[in-house]
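Engineer: Turn this into a structure:
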Amino acid sequence: QVQLVESGGGLVQAGGSLRLSCVASERSFGWYGWFRQAPGTEREFLGGTNWMGASTIYADSVKGRFTISRDDAKKTMYLDMDSLKPEDTADYFCAYRSENVVTTTTKDYNYWGQGTRVTVSS
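Structural biologist: Residues are numbered from 1 along each chain as shown. The predicted structure is shown next:
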């Protein structure tokens, strides 16, 4: 069972940057994703990557502003967020799917972190 722990959330001014981290309990070769959920909204896929194939995808809503990377040795995936906007305010989650298959669908992920809150002030 893979455990995921996010960190790096906080308060940032609009236009600023933030880096989120997601540490996995073990090195696993499936598919990892980043999601966010603002109050009263559904969980939104932001992007994903895998540990082996160096395949990374992004949602159109964040493409060009958010960057996903990973450090296999540290079992850590990162989400670098630039040019943040107040509408980026949300709880951010990383998730893992055992199969190394690209998916943007929440229900396809087997494991979830507890989330880290990002607040962007105007």
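Engineer: remind me which residues of the chain are low pLDDT?
Structural biologist: When residues are selected by pLDDT under 70, those of the chain lie in 52-53.
Engineer: again, 90 this time
Structural biologist: Residue ranges of the chain with pLDDT under 90: 1, 26-29, 50-55, 70-73, 99-102.
Engineer: Dead centre of it: give me the residue that sits there.
Structural biologist: Note on the chain: the residue nearest the mean C-alpha position is residue 34, at 2.4 Å, using C-alpha atoms, centre = their mean.
Engineer: Tell me the secondary structure at that residue.
Structural biologist: Per DSSP: H, G, I helix; E, B strand; the rest coil, the local secondary structure of residue 34 is strand.
Engineer: In which helix or strand does the residue nearest to it when sequence neighbours are not counted reside?
Structural biologist: Taking C-beta to C-beta, 6 or more residues apart in numbering as the measure, residue 34 lies nearest to residue 46, with 4.4 Å between them; neighbours along the chain are not counted. (Each C-beta comes from the backbone N, C-alpha and C, glycine too.) Residue 46 belongs to strand 44-50 when assigned by DSSP states H and E.
Engineer: Okay, now the sheet partners of that strand, with direction.
Structural biologist: Pairing partners of strand 44-50, with direction, according to DSSP bridges: strand 31-37 (antiparallel), strand 56-58 (antiparallel).
Engineer: Buried residues in it, which are they?
Structural biologist: By neighbour count on 16 or more other C-beta atoms under 10 Å, the buried set for strand 44-50 is 44-50.
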